[in-house]
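**Student:** I'll drop the sequence and a predicted model, then ask my questions.
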Amino acid sequence: MPNWLSDALSELRYRFRAIFRKRAVEHDLDEELHFHIEQEARKLEASGLSPDEALRQASIAFGGIERIKDDTRDVSGVSWLEILLQDFRYAARGLRARPAFTASVIITLGLGIGANVAMFGIVDQLLIRPPAYLRDPSRVHRIYLTSVSDGRDVTDGFTEYARYLDFARYTKTLDAIAVLAGNQFAVGIGEDAKEMPVGVVSASFWSFFDAKPAIGRYFTASEDSIPTGSPVAVLSYAFWQTRFGGSPDVLGRTLQIGPVPCTIIGVAAPGFVGLPDEGSPAAFIPATLYGYGVSSSRGRVDYYSTYNWGWLSIMVRRKPNVSIEAANADLTNAYRLSWAAERAISRNTSPVEVARPRAVAGPVVLERGPNATPVARIALWIAGVATIVLVIACANVANLLLARALFRRREIALRMALGAGQRRLFAQLLTESLLLGTLGGMAGIVTAQWGGAILRSLFLSDVATADVVRDVRTLAFAGAAALVAGLMTGLVPALQAGRAALAPALKTGTRDGTYQRSRTRTMLLVLQGAMSVLLLVGAGLFVRSLHNVRSMRLGYDVDPVLYVHLNLRGMRLPPDERAELARRLVEAARAIPEVESAARGISVPFWSTEGLGFLVPGVDSVRRLGHFTVQMASADYFTTTGTRILKGRGFTEGDRADGALVAVVSQGMADAVWPGKDAIGQCIKIDRVTDPCRQVVGIAENIHQNSLTESQTLQYYLSIEQMRPNEANVFIRTRGNASAHAETVRRTLQKLMPGAAYVTATPMREIIDSRQRSWQLGATMFLLFGALALVLAAVGLYSVIAYGVAQRTQEIGVRIALGAGMSDVVRLVLGQGLRFAALGILVGGGAAMWASRWVGPLLFSVSPKDPAVYGTVAVVLLAAAIFASAIPAVRASRVDPNVALRSE
Amino acid sequence: MEDQKLDLPQGTLDLLILKAVSLGPMHGWAISERIRDVSKATLQIPQGSLYPALHRLERRGWISAEWGASDNNRRAKYYQLTRSGRSQLQAEADAWKTLTVAVSLVLDMG
């Protein structure tokens, strides 16, 4: 330890003892001095004096013991630590004396800091923090595969098992390579069966993490081997706790996952989720087991030797000392070799020279890679918004402190007159605002803990998240935010106070005859107004987007419709029995009182669409008109989904297998295939020319199948009875909102399912909402933060105007005495508030215009410069300004000139 | 005959104390006795400044204090030199020697 450091430490130790152990120090000093006198007395005694006399002489020789004590105490002097403590006590006393002021500051800062802490937690989780338990995160990557397709670079989300084997074989720069996929599976059987995310991983996956299994073990390479894999499962810790109560005897038990009964061999470490691409998995199963299960149900177990089925992503760890560039070159080389291997067996594959396959070792978390969803981008936006809210909150508090500093001018001037240095004063005011910042930070942590749960559920619905309170990184951020807020709010008033002129302040006191405008405070007010305008414009744009996207006719109803999906879990039923099962489900559904109607169909918008080759006599190659989709539906289908029949009729009970063959086409298809002619009565043939004519009996409105922005106009409907597909699902229309009845319906229908098969009932709203999530997020967040900003700005305006009125009491009294009416006074005060608001609208509106080009792409059929939004926001801000200045205005108009003029 | 006593020049008290405790842990009384004995009673530390000085040196970190038992088994506060105190003593002693040599050179001139 260097000398200066040990010196500083000993000083610190001495100080702490002197301050916090005052009595002990006093006692020690007393004992030390008395010991000295006794020693002296002993010496005198030895030279022949009586004990009493010796003590007396020794005491006299020593001198005044109290004076020596004083001198010794003085050595310690007043240290910076004691000054700090003194300032702290002074600040705390001052804050306690004004509870209303203190509370409003703490709440304001708490909201501002809380919003930021909550958003930091989310952004950190989405974009910054490496996944839990990952070993050497800097060397771990996910592979992103890019190739040229149709003249464009396409970066694939998923790839094939065979590709994984190629990468493992051809690369030289990797330490480890693993397969990683996620899927929803039904876990458990009977009523307990529930769809849950399940991790599908190779045995090598476990070597990427430093996470010992809680009990049992992870699966090994021999249990994850081509072709079949072994039916084993590792549970997640959370699932083990909730489903099995953490009982250690789960090992060896069987758990049905999807179609396979798996033996439980272990439980992963607490909090271990792997890479939670699609939620925190309930369990993990071997990649080969899944590959085998899916490909065997398709009839060909070739998932490891062909390149037809891309379902996984690849995770790698670079060898130490291998640069990312070197790894990329190695990976690209392997990808080219793999591409050539694919081309050798699949002639459709374009040559390497054309496809130019490239592989890049990118971020291991999908949201940070090239295929990230807009959620992360929106989260960043919202984090920026939260920062703005904090700036507003700080401006507000700074304003309050400034106003208070003016009230305290006399006190401050007095202290300066008594010899307090500017630096001391500055330090004192800064201590006060830092104390406020700290208290605000604590309030912020509480806010983030409670309010943050809502935000987290919006952004990270599936991902396991840590508590704010238990998360060190988030807490550290909260501390930093509190410190910055304290400094930001404290610096301006502290600097101003330091400049205060002594004499005039002492003479006039707080009730100053003249009203003094502070340029700083005006600027802060305008800034707040402008920030609120900016956020409210954002809110308005997103709310309109959301409204547009929600009120857009999708070609079917959303709120009253439930989609019931049948999952047979690998059970093979002949098409007839399967159709019979679906028919029974429809009947059972119709018997439920809340159900209005029910029908069968095979596909559902946004989840699955079907295509089928068909031809139209007299029309040359319908394919060139575009991509056609088909729905196979039963009677009542159109009334159930709400898709309108524009002409002709929908399917009825009369459309039976042995009846006349019928079809319904969409408006878009009718226009495209039979332009200028009536589509009703035309003929469609499925697959072959020899297929009999299916006569078009109705025209339905266009529907949105895959995209909210574009409708799939080329759609046709065939009778499910006449097509006999081996897939059948159920649509149900309920009275009122379908979400409320989903569970009732599911339970009723589940009773009819044979064996381990089960149904899921999903409200259409849920399916659509996931597509509208980005607008919903934007609208919710901007509205939330915009409202927060507006309230803060209004409170800020109120406090400043109220303060101004209090200061101008005398002037107003004079005006009233000179004959100004009540309305004149009200106008005077209101006008002041409105001027601030108008300036805020100008500045904020300008800023919003400027930012519009970045917001534009996130909106839905709303111009980022939508005049209605800007107009509404302007009105809202003016209203808030009137509201904020009305109370002080009324108070001003009631000033009694007699009292006001005499008061000085 | 009265003891011949000298007023200590400014700053020498610290030097004397540091030197005294450099020989081993010592309590306040022993320090003043030691200095008086060694200086043949020429230097007598005023009791009024000894303890403030000890506390000042302790605060600076040049000496450290510890409670221990005295030879007659009483609780006594023992001071001893710290590492940084040792280098401080070295520096001050050197300065003192340089000063005294210089001063005697000047006094001896002419």
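**Tutor:** Looks like it arrived, so ask away.

**Student:** so how far is A:Gly648 from the closest residue to A:Gly659 other than its chain neighbours?
**Tutor:** The shortest distance from A:Gly659 to any residue other than its chain neighbours is 7.8 Å, reached at A:Gln722 (Cβ to Cβ, 6 or more residues apart in numbering or on different chains). In short, each C-beta sits where N, CA and C put it, glycine included. Noted for A:Gln722: a distance of 17 Å to A:Gly648, by Cβ to Cβ, to the nearest Å.

**Student:** more neighbours, those two?
**Tutor:** Neighbours around A:Gln722 and A:Gly648, counted as other Cβ atoms under 10 Å in any protein chain shown, are more numerous at A:Gln722. The numbers are 20 against 17.

**Student:** wait, that one sits on A:Asp655?
**Tutor:** Yes: here A:Gln722 lies in contact with A:Asp655, judged by Cβ atoms under 8 Å, at a distance of 6.8 Å.

**Student:** what residues are shared contacts of the two?
**Tutor:** Residues touching both A:Gln722 and A:Asp655 (Cβ atoms under 8 Å, 6 or more residues apart in numbering or on different chains): A:Val662.

**Student:** Around chain A, pick out the residues from chain B.
**Tutor:** Neighbours of chain A within chain B, by Cβ under 8 Å from any Cβ of the partner chain: B:27-30, B:33, B:47-49, B:51-52, B:55-56, B:58-61, B:64, B:67, B:70, B:72, B:74-77, B:82-84, B:87.

**Student:** filter the residues you listed to the buried ones?
**Tutor:** B:27-30, B:33, B:47, B:51-52, B:55-56, B:58-61, B:64, B:70, B:76-77, B:82, B:84 (16 or more other Cβ atoms under 10 Å in any protein chain shown).

**Student:** Tell me which of those fall in strands.
**Tutor:** B:27, B:64, B:76-77 (DSSP state E).

**Student:** Out of those, give me the two with the largest separation.
**Tutor:** Across these, the longest distance by Cβ to Cβ is 14.7 Å; it joins B:Ser64 and B:Ala76.

**Student:** name the element A:Pro144 belongs to?
**Tutor:** Careful, residue A:144 is Tyr and not Pro. strand A:140-149 (DSSP states H and E).

**Student:** which stretches of chain B form helices?
**Tutor:** Remark: helices assigned in chain B by DSSP state H are B:12-21, B:28-38, B:47-60, B:83-107.

**Student:** Would you report the backbone torsion angles of the closest residue to chain B within the stretch 551-700 of chain A?
**Tutor:** Across the stretch 551-700 of chain A, the shortest distance to chain B (Cβ to the nearest Cβ) belongs to A:Phe606, at 73.1 Å. Backbone torsions for A:Phe606, taken as degrees, to the nearest 10, come to phi 70, psi -20.

**Student:** Next up, the contacts around it.
**Tutor:** Each residue near A:Phe606 by Cβ under 8 Å, 6+ apart is listed here: A:705-706, A:767-768, A:770-771.

**Student:** still on that earlier bit, compile the ones in strands among the buried ones among the residues of chain B next to chain A into TSV and extend it with columns for pLDDT and distance to A:Leu541.
**Tutor:** Formatted as TSV, those follow (pLDDT from 0 to 100; distance: Cβ to Cβ, whole Å):
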residue	pLDDT	distance to A:Leu541
B:His27	89	80
B:Ser64	87	69
B:Ala76	88	80
B:Lys77	88	75
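
**Student:** if we can go back for a sec, the strand holding A:Tyr144: how far from the chain's middle?
**Tutor:** Offset of strand A:140-149 from its chain centre (Cα atoms, centre = their mean, to the nearest Å): 27 Å.

**Student:** Pull out the buried members of the contacts of A:Phe606.
**Tutor:** Buried members of the contacts of A:Phe606, counted by 16+ other Cβ under 10 Å: A:705, A:767-768, A:771.

**Student:** Good, wrapping up.
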